[in-house]
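K.L.:
dropping a prediction and its sequence here:
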Amino acid sequence: MSATPALPDAALGELQALALPARKRRPLIAIILFLALAAIPLAVSLGLPAHWLTLVTRAMIFAIAALSLDLILGVGGLVSFGHAAFIGIGAYVTGIMITEGRTEALLILPVILVLCGLFAAVTGAVSLRTKGVAFIMITLAFGQMAFFLAQALSAYGGDDGLTLSDRSTLLGFKPFASRTSFYYVVLAVLAGCYLLISVIVASRFGRTLRAARENATRVTVTGFDVSRIRLIAYVISGMIAGLSGFLLANQTEFVSPAYMSWARSGELIFMVVLGGVGSLHGAIIGALAFLFAEDALSKLTEHWKVIFGPMIVLFVLFTRGGLVGIIGRLGRRHD
């Protein structure tokens, strides 16, 4: 791929006018959020329900996937309904390699990144030729292809899934064996992904991607290849989502075709919308809120999905900017 062309000053001014985000960054919220997450193990040791450690770990894993989706959805305006396929690829590569006796994370992760990158490059090259509903349907179709492929892996559990005999290791150590150490590994990966995507969004590449969401024609006229920029973002997004699959497989010690179903992709979209599309830390907040709401409602009734679905619909209809938007409006009232 060729380097991104340099912009003349006049063109840069046009792009900046187009690419300014609708809402200002709120690094303070992100700092408070990560500090609160870092304090959860201590809070559990002081009396917080023990299952919160597992629940928040799972929420952070899905937050990584939601963050990756927010890069293409919130910044790039691309609604992918097959994003869970990358989680499934990451999980299945982990499960298969551990089953074959390859537990070292430094061997597993490069394979995940390469396969997710290749899958994203191929499917993205096809999907990005379309837009709107057609893009949604094609990404859904590719996601379901991955789902059916996983079901066909009879040597690795097929439709019943695959139970892992062990967890991954790192340079001979077992950081995934303890719930607390695993929690902090996930938190570190989440923080790293958040910083990486924040840098991408703040860069010229990110501003161009956002501008293309607003007016792709004008961005093309300034000299940028919009399709290539979107494809690069799509590949980066898929590779990051693959990391969440690696972590999810290690947490559950089980992988299943359900990890890459269209319903899982829909949940990721709900998490992004719930937190606030395009805000990045909103994706994390949305994942936490989604998983906690799911946990609370499932304890009230076995038919909790009947309640949860309408709740999400009503929230989307009657709130603007998701949970981050609500936090922002409350903050302005106190200014």
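P.N.:
Happy to help now that I have it. In this text, all values refer to a predicted model and were calculated from it rather than measured experimentally.

K.L.:
identify each buried residue in stretch 296-309, please.
P.N.:
297, 304, 308 (16 or more other CB atoms under 10 Å). Yep, even glycine has a C-beta here, placed from its N, CA and C like the rest.

K.L.:
what strand or helix carries Y184?
P.N.:
Using DSSP states H and E, Y184 falls within helix 179-202.

K.L.:
could you check the angle whatever helix or strand comes next after that helix makes with helix 179-202?
P.N.:
Counting by DSSP H and E, the next helix or strand C-terminal to helix 179-202 is helix 204-214. Put simply, helix 204-214 runs at 70 degrees to helix 179-202, going by axes from the mean of the first three to the mean of the last three CA atoms, to 10 degrees.

K.L.:
buried residues in helix 204-214?
P.N.:
For helix 204-214, a neighbour-count test (16+ other CB under 10 Å) marks 205-213 as buried.

K.L.:
you'd agree A293 is up against F308?
P.N.:
Yes. The criterion here is CB atoms under 8 Å, and A293 meets it with F308 at 6.6 Å.

K.L.:
restrict stretch 54-74 to CA atoms and write it as CSV.
P.N.:
Output in CSV follows, covering the C-alpha atoms of stretch 54-74 (Å, rounded to 0.1, in the frame of the first residue of the first chain):
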residue,chain,number,x,y,z
THR,A,54,-15.2,-12.2,36.7
LEU,A,55,-18.0,-10.0,35.4
VAL,A,56,-15.9,-6.9,35.0
THR,A,57,-13.1,-9.0,33.3
ARG,A,58,-15.6,-10.2,30.8
ALA,A,59,-17.0,-6.7,30.3
MET,A,60,-13.5,-5.4,29.6
ILE,A,61,-12.9,-8.1,27.1
PHE,A,62,-16.0,-7.1,25.2
ALA,A,63,-15.0,-3.5,25.6
ILE,A,64,-11.9,-4.2,23.6
ALA,A,65,-14.1,-5.6,20.8
ALA,A,66,-16.5,-2.6,21.1
LEU,A,67,-13.6,-0.2,20.9
SER,A,68,-12.4,-1.8,17.7
LEU,A,69,-15.9,-1.5,16.3
ASP,A,70,-16.2,2.1,17.4
LEU,A,71,-13.2,2.9,15.2
ILE,A,72,-15.0,1.9,12.0
LEU,A,73,-18.6,2.7,13.2
GLY,A,74,-18.2,5.8,15.3
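
K.L.:
ok, of the buried residues of helix 204-214, which one's closest to M137?
P.N.:
R213 (19.5 Å; CB to CB).

K.L.:
which non-adjacent residue is nearest that closest one?
P.N.:
G77 (3.4 Å; CB to CB, 6 or more residues apart in numbering).

K.L.:
check which helix or strand covers the one you found.
P.N.:
Per DSSP H and E: nothing holds G77, as it lies in no helix or strand.

K.L.:
wait, isn't it in contact with A216?
P.N.:
No. Contact between G77 and A216 fails when scored by CB under 8 Å: they sit 9.1 Å apart.

K.L.:
buried residues in the lengthiest helix in the chain?
P.N.:
Longest helix of the chain, by residue count under DSSP state H: helix 226-252. For helix 226-252, burial by neighbour count (16+ other CB under 10 Å) applies to 226, 229-252.

K.L.:
for stretch 43-55, what is the distance to the chain centroid?
P.N.:
24 Å (CA atoms, centre = their mean, to the nearest Å).

K.L.:
likewise for stretch 60-67?
P.N.:
Distance, centroid of stretch 60-67 to centroid of chain: 4 Å (CA atoms, centre = their mean).

K.L.:
which other residues reach it?
P.N.:
37, 83-84, 86-87, 186-187, 189-190, 193-194, 197, 240-241, 243-245, 247-248, 251, 267-268, 271-272, 275, 280, 283-284, 286-288, 290-291 (CB atoms under 8 Å, 6 or more residues apart in numbering).

K.L.:
now the buried members of the residues you listed.
P.N.:
The buried subset of the contacts of stretch 60-67 (16+ other CB under 10 Å) comprises 37, 83-84, 86-87, 186-187, 189-190, 193-194, 197, 240-241, 243-245, 247-248, 251, 267-268, 271-272, 275, 280, 283-284, 286-288, 290-291.

K.L.:
where do the helices sit along the protein?
P.N.:
Using DSSP H, helices in the chain cover 9-19, 27-45, 51-70, 84-99, 105-127, 133-151, 179-202, 204-214, 216-221, 226-252, 262-275, 281-300, 304-318, 322-334.

K.L.:
mind listing what's buried along stretch 176-187?
P.N.:
176, 182-187.

K.L.:
next, give me the two most distant ones among the residues you listed.
P.N.:
F176 and L187 (13.2 Å).

K.L.:
and S237, how close does it get to L113?
P.N.:
Note on S237: its distance to L113, by CB to CB, to the nearest Å, is 12 Å.

K.L.:
for the helix holding Y184, the distance to its chain's centre please.
P.N.:
11 Å.

K.L.:
could you check the angle helix 27-45 makes with that helix?
P.N.:
Orientation check (the same axes, to 10 degrees): helix 179-202 against helix 27-45 gives 170 degrees.

K.L.:
now helix 179-202: average pLDDT?
P.N.:
Mean per-residue pLDDT for helix 179-202: 94.

K.L.:
of all residues in the protein, which one is nearest the centre?
P.N.:
Central residue of the chain (CA atoms, centre = their mean): A65, 1.9 Å from the mean position.
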